[in-house]
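Asks: pasting the structure only:
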């Protein structure tokens, strides 16, 4: 190791890394023109960027996803997500990691009430943004599908599993995968007669985006349930079903976002059941009969 490399490593170990905003200001003059657009936007709208997907930031700055990644790399981050986390550390209070509105001095009854109100708000806001025409398209696709494949990771996998359970109850041939390797392997069985439903709050979860891309190459109809209408996952989708629940990078997988997803699943289930009412009732009775001995 050269003396200069040693000195650099020693400096990195001793000196604290500058904050994200300070780093952007320091690096600004050395950035490319397109990267300067991104830098200026973040400096002016940092609080908003924390909630934006890479595609939304690219659209807001008139640049591309690739430019955002290059910009993050130029600052020393591995990618956009790491940049967002660093930005959130500066701009988001630690309490928001627990819940957006809960304060350290809140009593338990007050904190619980705030948590419940956030869930209620997420469901209400999702109802307001849910496009009924898109929902009807998704319903028609599911009812006419040979098989329905459901993909999600983390808490979004729980929403996907709930959809799997509900669709099985009404006689839909559904398949659910949470493991990334099994997700990829399962796409080998997908045909153009199938429907694939991906779940991701951010719409930028790489495992889910990757498996939807594979499914699209197989000719399947792609439905996505996401909070971000302009996201990598939404770009791949034939039908986008929106949720409405904001969360910081620290709060990823929070209950309000999952409640919003589950509400969309319920809406899809209701639509499917109404579209094939007699068959749905028949299968609900059948599946109910199969588990009757599982209860006392």
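Replies: Now that the structure is in, tell me what you want to look at. Just so you know, these numbers come straight off a predicted model, no measurement behind them. Residues are numbered from 1 along each chain as shown.

Asks: separation between residue 199 and residue 66?
Replies: As for residue 199, its distance to residue 66 is 26 Å (criterion: Cβ to Cβ, to the nearest Å). All C-beta spots, glycine's among them, are computed from the backbone N, C-alpha and C.

Asks: Tell me which of the two has more neighbours.
Replies: Between residue 199 and residue 66, residue 199 has the larger neighbour count (other Cβ atoms under 10 Å), namely 32 against 11.

Asks: centroid residue for the chain?
Replies: The chain has residue 201 as the residue nearest its centroid, 2.2 Å off, counting by Cα atoms, centre = their mean.

Asks: What pLDDT does the model give that one?
Replies: At residue 201, the model reports a pLDDT of 92.

Asks: Name the SS class of it, please.
Replies: Secondary structure state of residue 201, per DSSP: H, G, I helix; E, B strand; the rest coil, is coil.

Asks: wait, it sits on residue 255?
Replies: No. Residue 201 is beyond contact range of residue 255, at 11.6 Å (criterion: Cβ atoms under 8 Å).

Asks: ranges for the helices of this structure?
Replies: Taking DSSP state H to define them, one finds helices in the chain at 3-14, 20-27, 33-49, 54-61, 65-74, 80-91, 108-129, 132-143, 155-169, 180-186, 206-217, 232-236, 255-275, 277-290.

Asks: average model confidence for the longest one?
Replies: By that I understand helix 108-129. When pLDDT is averaged over helix 108-129, the result is 89.

Asks: got the angle between it and helix 255-275?
Replies: Put simply, helix 108-129 runs at 40 degrees to helix 255-275, going by axes from the mean of the first three to the mean of the last three Cα atoms, to 10 degrees.

Asks: what's helix 108-129 in contact with?
Replies: With contact meaning Cβ atoms under 8 Å, 6 or more residues apart in numbering, helix 108-129 is reached by 99-102, 106, 242-245, 255-257, 259-260, 263-264.

Asks: Nearest to residue 144 among those residues?
Replies: Checking the contacts of helix 108-129 against residue 144 by Cβ to Cβ gives residue 264 as the nearest, at 19.6 Å.

Asks: How about the contacts made by the closest one?
Replies: 126, 130, 225, 241, 243 are the contacts of residue 264 under Cβ under 8 Å, 6+ apart.

Asks: Residue 170 contacts residue 283, doesn't it?
Replies: Yes. Counting by Cβ under 8 Å, residue 170 sits close enough to residue 283 to count as a contact (5.2 Å).

Asks: what residues go with each domain of the protein?
Replies: In terms of domains, the chain is parsed into 3-91, 113-294 (source: automatic domain parsing).

Asks: any idea which of those domains is most buried?
Replies: Of those, the one with the most neighbours on average (mean count of other Cβ atoms under 10 Å) is domain 113-294, at a mean of 19.

Asks: Quick check: end-to-end length of it?
Replies: 35 Å (Cα to Cα, to the nearest Å).
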